[in-house]
Every structure is written in structure tokens, then in C-alpha cells.
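Trainee: give me coordinates for this.
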Amino acid sequence: MKQQWVRFEDAGKATFGTVEGDAVHEHQGDMYGRSELTGRVFVLAGLKLLTPSEPTKVIALWNNFHALGAKLSLPVPAEPLYLLKAPNSFAAHGDAIKKPLCEGKVVFEGELGIVIGKTATAVAEADALDHVFGYTCANDVTVADILNRDASFAQWVRAKGFDTFCPMGPVVATGLDPATLVVTTVLNGEERQNYPISDMRFSVQRLVSLISQDMTLNPGDVILCGTSVGVGSMKPGSQVEIGIEGIGKLSNRFG
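Mentor: You can find the predicted model right below:
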């Protein structure tokens with residue numbers, strides 16, 4: 001069933017609901033399981049949106065798109081290559097992406113996020129989609145200069161773990177076929193990325209299955225599918241927008 005779910009703040013407390021046009025219908029209960037309408041309706045434009053889920057972890061893929069792998073002459077991975085984004089990096093639609101205190105080139109990476117809805121431990125690929133609640137937009141922000149500046153240790157976690165370096169949202173959309181989706185990234189009004197999810201090396205169901213062999217995936221956890229060609233740097237004051245049809249547009253200002 002196609003629906004768009006949002007988490008938002010009301011009187012200082014977190015709540016959630018479904019989007020219908022310009023309105024949000026509040027629910028109570030479990031967003032991933034049993035929930036029911038409260039009868040309260042809010043104007044979407046007036047809400048302070050929160051991250052679309054409350055992940056115990058965000059898993060971010062590297063080298064998961066054929067096009068980018070070919071451009072960078074990367075070897076084809078035999079299994080998913082991934083890192084974890086720190087919880088302090090999680091940010092919502094509309095939040096500012098804070099400029100780090102260190103210097104260096106800060107880049108955007110528009111991505112599809114898989115939101116887990118059912119605990120997944122060593123699930124078979126054929127059953128993996130039963131554990132997916134829906135999909136969201138994400139920006140895997142990175143200080144590129146940090147990554148390989150120490151030859152003895154690739155600093156993936158530090159480069160991608162700064163405060164607010166993982167904006168996600170604005171909604172979690174259910175009932176979508178991820179293989180039909182296209183990710184666009186617009187920086188200051190100029191399109192910089194436009195790539196199909198169908199170009200992924202590892203499909204959504206394969207990612208969920210293989211990663212769940214390594215670690216239990218909990219409801220609300222997010223897997224960032226990786227990015228493709230068009231990644232670029234942002235200067236302070238830049239507005240970056242990640243768009244996916246059926247999900248919407250995640251918009252954040254840097255600096």
C-alpha cells in the first residue's frame with residue numbers, strides 16, 4: 001500500500017502520521033506495526049519535521065553503483081562494502097548541515113535510504129522485502145579531504161560522522177518498487193545528480209539479506225544504498241536538495 005509517513009514535533013513531543021495532500025493525519029501506536037488514527041489533523045507546511053525514523057544505526061554503502069565504479073575504475077566488490085554513520089550525524093528535512101570546525105572539501109551524496117520495519121537477522125533474500133517498511137531520501141555528507149590523508153588508515157567514520165552529516169526525509173514512503181526509482185540532487189538550483197536505482201550492484205533485497213547476516217537490523221534502521229556519478233562539493237550557504245519521485249524532496253542548507 002502506497003503511503004507517506006512522517007515524524008514531527010507537536011508541543012515539544014515527537015509524534016507521527018500519514019501525509020494526505022497538504023495535511024498530516026496523526027496516528028498513535030507503532031508506525032511499523034499496529035497504529036490507529038487519533039483524529040487530529042495538521043497542516044504539513046507548518047510542522048517541524050523530525051528524522052523519518054529513529055535508527056539504532058545507519059549503514060552506508062560504498063561502490064554500489066556500476067556507473068560510479070566504472071568512472072573511478074574501482075574493482076567489482078564481491079560483497080557489500082559499508083560503514084556506519086554516527087547517531088550525532090542524523091538530521092531532518094529543513095535542518096542546517098553544520099560546517100565542521102576543521103577545514104576541507106565537504107561533498108554531498110544523494111542517496112536512497114531503505115527503512116527497516118521488522119527485525120531482520122540472517123534473513124533469506126527471498127524474504128528480505130518483508131522486513132522493509134519503506135524508503136526515504138538521504139544525503140551522505142562527507143569531508144572528502146579526511147578520507148585518505150593518513151596512508152595507514154582510511155577515515156571513513158570520521159569523514160562521514162560529523163554533526164548533521166546524515167540528513168534524511170522528508171517522509172518514509174511505502175509501497176514503492178525501488179528498482180523504478182531515480183535519485184536527483186540539486187545544488188543551488190542546478191541539477192548535479194540524476195541516476196537510477198536499477199544501476200545498483202546489490203539490489204535492496206540482497207543488501208538487506210547480506211547485511212542481516214552480519215548484524216541484526218532493527219525497526220527504524222536505515223541502509224543508505226550508496227551514490228552514483230555527480231557527487232560534488234558544497235560551499236557554506238549552499239542549498240542542497242535530494243529528490244526521489246514518490247518520496248519527495250529532502251532540502252537542507254549547508255553552513
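
Trainee: just the residues contacting stretch 9-29, thanks.
Mentor: Applying C-beta atoms under 8 Å, 6 or more residues apart in numbering, the contact partners of stretch 9-29 are 3-8, 31, 35-45, 47-50, 171. Bear in mind the C-beta positions are built from the backbone N, C-alpha and C, glycine included.

Trainee: among these, which lie within helices?
Mentor: Judged by DSSP state H, the subset of the contacts of stretch 9-29 located in helices is empty.

Trainee: filter those down to the buried ones, PyMOL style.
Mentor: Selection of the buried residues among the contacts of stretch 9-29 in PyMOL, burial being defined by 16 or more other C-beta atoms under 10 Å:
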select buried, resi 4+5+6+7+8+31+35+42+44+47+49+50+171
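
Trainee: among the contacts of stretch 9-29, which are in strands?
Mentor: With DSSP state E as the criterion, strands contain 3-8, 35-43, 48-49, 171 from among those.

Trainee: pull the CA atoms of the worst-scoring helix or strand of the chain on mean pLDDT into PDB?
Mentor: Among the helices and strands of the chain, helix 144-147 carries the lowest confidence by mean pLDDT, DSSP states H and E, at a mean of 94. Listed next in PDB are the C-alpha coordinates belonging to helix 144-147 (Å, rounded to 0.1, in the frame of the first residue of the first chain):
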ATOM      1  CA  ALA A 144      36.400  14.300   1.400                       C
ATOM      2  CA  ASP A 145      39.900  15.500   2.300                       C
ATOM      3  CA  ILE A 146      39.900  13.500   5.500                       C
ATOM      4  CA  LEU A 147      39.300  10.100   3.900                       C
END
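
Trainee: now do it: distance to the chain's middle.
Mentor: Remark: helix 144-147 is offset 21 Å from the chain centroid, using C-alpha atoms, centre = their mean, to the nearest Å.

Trainee: and the residue nearest to Gln239 when sequence neighbours are not counted, how many neighbours?
Mentor: Distances taken as C-beta to C-beta, 6 or more residues apart in numbering put Arg253 closest to Gln239, at 5.2 Å, once the chain neighbours are dropped. Arg253 has 14 neighbouring residues, counting by other C-beta atoms under 10 Å.

Trainee: what's near enough to touch Arg253?
Mentor: Arg253 makes contacts with 96-97, 237-240, as judged by C-beta under 8 Å, 6+ apart.

Trainee: what do you get if the cut-off is 10 Å, keeping everything else the same?
Mentor: 94-97, 234, 236-240 (C-beta atoms under 10 Å, 6 or more residues apart in numbering).

Trainee: make a ChimeraX selection of the buried ones in those residues.
Mentor: In ChimeraX, this line selects whichever of those come out buried by 16+ other C-beta under 10 Å:
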select :95,97,234,238,240
